[in-house]
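Colleague: sequence unknown, structure follows:
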């Protein structure tokens, strides 16, 4: 079955430091991968997505992610974190259930940014 | 573009009553809508998938008689929590996806509805 694992439940970084959030997937075919961000009490905002092509994907708010098939990973990175980046981050993969396409989410990583 | 709204953003109701949550796609036609439930500090769990004009498909363990979903138009889906109990208190999030000749795999999420049952 398709699954997404986010090994880090909580990460704390200082403002201005670099950030990497890990995501590993289990999927037989080429995965369609997403990173979403959720601020407290809010819905999800799409940061970036990977369908095919260039394995380094640029997203909004200065985020990027790299698809590595050999490692089954799609880690999210940002060179310099801002205090406003504090939020919950979810990695997700599209999978097919019958004729339907559904998103499966990882358990999320809570990011805390220290001043 | 691709904005999804939910109403209400939060609601408090008494145990035994029913609550309706609306999900609207504001600037696109949503052939498929999804309803998720999220407990505090947890991930999103898919409750059901609905296609416009069809009955919703519920995930295993979700009571279809308790969580009534209607997707009557291409811009509106509703989730009705019937005979709500305190354990139904949660954050409910809808999302919508359009479709075409080359369907997109992107889903656009609403801001969520906080339901508290007292």
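Modeller: Structure received. None of the values given here were measured: they were computed from a predicted structure. Numbering: from 1, shown residues only, chains lettered A, B, ... in the order given.
Colleague: State which strand of chain A is the longest.
Modeller: strand A:87-97 (DSSP state E).
Colleague: Note down every partner strand of the following helix or strand past that strand and its orientation.
Modeller: For strand A:87-97, the succeeding helix or strand toward the C-terminus, using DSSP states H and E, is strand A:100-105. Strand A:100-105 pairs in its sheet with strand A:87-97 (antiparallel), by DSSP bridges.
Colleague: What is the burial count for residue 14?
Modeller: Going with chain A. The number of residues packed near residue A:14 is 9, by other CB atoms under 10 Å in any protein chain shown. Backbone N, C-alpha and C define where each C-beta goes, glycine included.
Colleague: that answer is for a different chain, and I need it for chain B
Modeller: 8.
Colleague: Just give the closest residue to it, not the sequence neighbours.
Modeller: In space, residue B:14 comes closest to residue B:118 once its chain neighbours are excluded; the distance is 5.8 Å by CB to CB, 6 or more residues apart in numbering or on different chains.
Colleague: go on, residue B:59?
Modeller: That would be residue B:46: by CB to CB, 6+ apart, it lies 5.3 Å from residue B:59.
Colleague: what's the spacing between the one you found and residue A:80?
Modeller: The gap separating residue B:46 from residue A:80 is 35 Å, by CB to CB, to the nearest Å.
Colleague: Mind checking which of these two has more residues around it?
Modeller: Using other CB under 10 Å, the more surrounded residue of residue B:46 and residue A:80 is residue B:46, with 19 against 12.
Colleague: Who are the contact partners of residue A:10?
Modeller: Applying CB atoms under 8 Å, 6 or more residues apart in numbering or on different chains, we find residue A:10 in contact with A:109, A:110, A:111, A:112.
Colleague: er, residue A:11 actually
Modeller: Counting by CB under 8 Å, 6+ apart, residue A:11 touches A:19, A:21, A:109, A:110, A:111, A:112.
Colleague: just checking: which of those also lie near chain B?
Modeller: The subset of these within reach of chain B, by CB under 8 Å from any CB of the partner chain, is residue A:110.
Colleague: which of the contacts of residue A:11 lies closest to chain B?
Modeller: Set against chain B, the nearest of those by CB to the nearest CB is residue A:110 (7.5 Å).
Colleague: number of nearby residues for residue 111?
Modeller: Defaulting to chain A. 21.
Colleague: looking at chain B here, not the other one
Modeller: The burial count for residue B:111: 18, using other CB under 10 Å.
Colleague: Now do the same for residue 1: its pLDDT.
Modeller: No chain was given, so I picked chain A. Here, the pLDDT recorded for residue A:1 equals 67.
Colleague: you looked at the wrong chain, it should be chain B
Modeller: Note on residue B:1: pLDDT of 65.
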